[in-house]
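[1] sequence-free structure coming up:
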């Protein structure tokens, strides 16, 4: 059950009851693609940094170790020793990211494995069966994520097909949840709004899927080539047409600034690989902005990554030591940086929830964005670009 506790404009402070526990929103889901977060972060670590929800990937778990293995081991919660809610994406994003290795048909998508090239097929029913085997708390509907720059005719065709796939997902989920040998008979299903950056397609699709009485609704197909302004515009026009009594999830986004802006537009759930991926390269988030720990200025810096931070890295280790570990290629350096970044994201969400509880979110958002901007002015650092690697900023 989803219950809105406070609201400030479009921003929502809510609570979402699931079979695996309560989720306080807005929430950031820590991304454990193959049932583990890269950087040697354990399930116990996630508990210690106040993680509420873990996100894993259907496509990758289907390939390794195989959803049949996870099923035989009692489901993903038992397999990875996790007592928190888990959301699994559907494999739909791989339709976009593995575009050179797939063919899309009405029945589903034909892939070639990115691991060894073997052929595999995934459609709505297959995605639901895999996710049912995994026994996650929340399953995502199987969809196509078209490029933000695809033309209107193609996106309309794609969105119509995604709607047909959503109905097939819903029917299959109901069937699977009724079976006696299903591990999680209370598995929830979230549908996904698509439409690239076309207002008419986004709004029409939001209205159509809202009629289907799903457990939650995601906004997908963003952070795939559009500008931040285009992304915010899509949220402005879409969230008003999604059910107010259900949680809303912005898929694959984003930076702290993206999260602050999206909360202001009615988003409850977030996920992104930035904190773990960037952390492994020494790119760290703080309340005053980001720093690159590989910069020479930190060689003799005996301060923690962030003063006042209570993460496992900041409680005990200096910038100088962690920089040394990174420069030496030691896994511990990456681990400490990832833990710090995930702690930062989890506690940014906690601060957001507190601001909403106290009716001061607008002021909190402005002050937080200003503080991060000021830090960037004071400290020249190398910028990390996901596609291009390190470059001077």
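    Alright, I've got the coordinates. Bear in mind that the values here come from a model prediction, so they are computed numbers and not experimental data.

[2] contacts and neighbour counts: CA atoms only from here.
    Fine.

[3] which residues touch residue 282?
    When contacts are counted by C-alpha atoms under 8 Å, 6 or more residues apart in numbering, residue 282 touches 292-294, 323, 326, 334, 337.

[4] likewise residue 337?
    If you count contacts by C-alpha under 8 Å, 6+ apart, residue 337 has them with 279-280, 282-284, 313, 322.

[5] on that earlier part again, quick one: which of the contacts of residue 282 is nearest to residue 24?
    residue 337 (25.3 Å; C-alpha to C-alpha).

[6] could I get the contacts of residue 337 as JSON lines with pLDDT and distance to residue 362?
    Converted to JSON lines, the contacts of residue 337 look like this (pLDDT from 0 to 100; distance: C-alpha to C-alpha, whole Å):
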{"residue": "279", "pLDDT": "97", "distance to residue 362": "29"}
{"residue": "280", "pLDDT": "96", "distance to residue 362": "32"}
{"residue": "282", "pLDDT": "97", "distance to residue 362": "31"}
{"residue": "283", "pLDDT": "96", "distance to residue 362": "28"}
{"residue": "284", "pLDDT": "97", "distance to residue 362": "25"}
{"residue": "313", "pLDDT": "98", "distance to residue 362": "31"}
{"residue": "322", "pLDDT": "98", "distance to residue 362": "35"}
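
[7] now, the residues you listed that are in strands?
    Under the assignment DSSP state E, these contribute 283-284 to strands.

[8] taking the contacts of residue 282 together, which two end up most distant?
    So, the contacts of residue 282 by C-alpha to C-alpha: farthest apart are 292 and 334, at 12.7 Å.

[9] so where is this protein shaky, pLDDT-wise?
    Within the chain, the segments meeting pLDDT under 70 span 95-99, 374-393.

[10] identify the residues contacting the most centrally placed residue in it.
    Closest to where the C-alpha atoms of the chain average out (C-alpha atoms, centre = their mean) is residue 271, at 1.7 Å. Residues near residue 271 by C-alpha under 8 Å, 6+ apart: 28-31, 55, 250-254.

[11] now the helices: where do they sit in the chain?
    Counting by DSSP state H, the segments of the chain that form helices are 43-48, 58-63, 67-72, 76-79, 92-97, 124-134, 152-177, 199-210, 228-238, 256-263, 274-279, 319-327, 331-357, 361-378.

[12] residues in contact with residue 312?
    336, 339-340.

[13] just send the residues you listed back as JSON lines, with distance to residue 196 too.
    Shown next, in JSON lines, are the contacts of residue 312 (distance: C-alpha to C-alpha, whole Å):
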{"residue": "336", "distance to residue 196": "37"}
{"residue": "339", "distance to residue 196": "33"}
{"residue": "340", "distance to residue 196": "34"}
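
[14] so which of these would you say is closest to residue 348?
    residue 340 (12.0 Å).

[15] neighbours around the closest residue to the closest one other than its chain neighbours, how many?
    Leaving aside its chain neighbours, residue 340 sits nearest to residue 311 (5.7 Å; criterion: C-alpha to C-alpha, 6 or more residues apart in numbering). Using other C-alpha atoms under 10 Å, residue 311 is surrounded by 22 other residues.

[16] was I right about residue 311 contacting residue 335?
    No: assessed by C-alpha atoms under 8 Å, residue 311 is found out of contact with residue 335, at 11.9 Å.

[17] any idea how far residue 35 is from residue 77?
    9 Å (C-alpha to C-alpha, to the nearest Å).

[18] before we move on, the earlier item: got CSV for the contacts of residue 337, with distance to residue 163 too?
    Listed next are these as CSV, based on distance: C-alpha to C-alpha, whole Å:
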residue, distance to residue 163
279, 37
280, 38
282, 41
283, 39
284, 39
313, 45
322, 48
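
[19] could I get the contacts of residue 312 as JSON lines with neighbour count and distance to residue 135?
    As requested, these are exported to JSON lines (neighbours: other C-alpha atoms under 10 Å; distance: C-alpha to C-alpha, whole Å):
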{"residue": "336", "neighbour count": "24", "distance to residue 135": "30"}
{"residue": "339", "neighbour count": "26", "distance to residue 135": "26"}
{"residue": "340", "neighbour count": "27", "distance to residue 135": "29"}
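
[20] go through those residues and name the one nearest residue 6.
    For the contacts of residue 312, the nearest to residue 6 is residue 340 (29.1 Å; C-alpha to C-alpha).

[21] residue 175: neighbour count?
    The number of residues near residue 175, taken as other C-alpha under 10 Å, comes to 12.

[22] right, I mislabeled it, should have said residue 201
    Going by other C-alpha under 10 Å, the residues that sit close to residue 201 add up to 20.

[23] what's it in contact with, if anything?
    Residue 201 neighbours (C-alpha under 8 Å, 6+ apart): 156, 159, 194-195.

[24] mind picking the two most distant members of those residues?
    The most distant members of the contacts of residue 201, if one measures by C-alpha to C-alpha, are 156 and 194, lying 9.4 Å apart.

[25] between the two, who's got more neighbours?
    Ranked by neighbour count (other C-alpha under 10 Å), residue 156 and residue 194 place residue 194 first, with 30 against 20.

[26] confirm for me that the more buried one is in contact with residue 159.
    Yes: with contacts counted by C-alpha under 8 Å, residue 194 reaches residue 159, the gap being 6.1 Å.

[27] joint contacts of those two?
    201, 205.

[28] which residue, other than its chain neighbours, is closest to residue 112?
    residue 119 (4.6 Å).

[29] the one you found and residue 319, how far apart?
    Distance of residue 119 to residue 319, computed by C-alpha to C-alpha: 47 Å.

[30] those two: which is more packed in?
    The residue with more neighbours, out of residue 119 and residue 319, is residue 319; 22 against 12, by other C-alpha under 10 Å.

[31] wait, the more buried one touches residue 307, no?
    No: with contact defined as C-alpha under 8 Å, residue 319 does not count as touching residue 307 (10.9 Å).

[32] as a quick check, tell me the outermost residue of the chain.
    Residue farthest from the centre of the chain, counting by C-alpha atoms, centre = their mean, is residue 300 at 35.4 Å.
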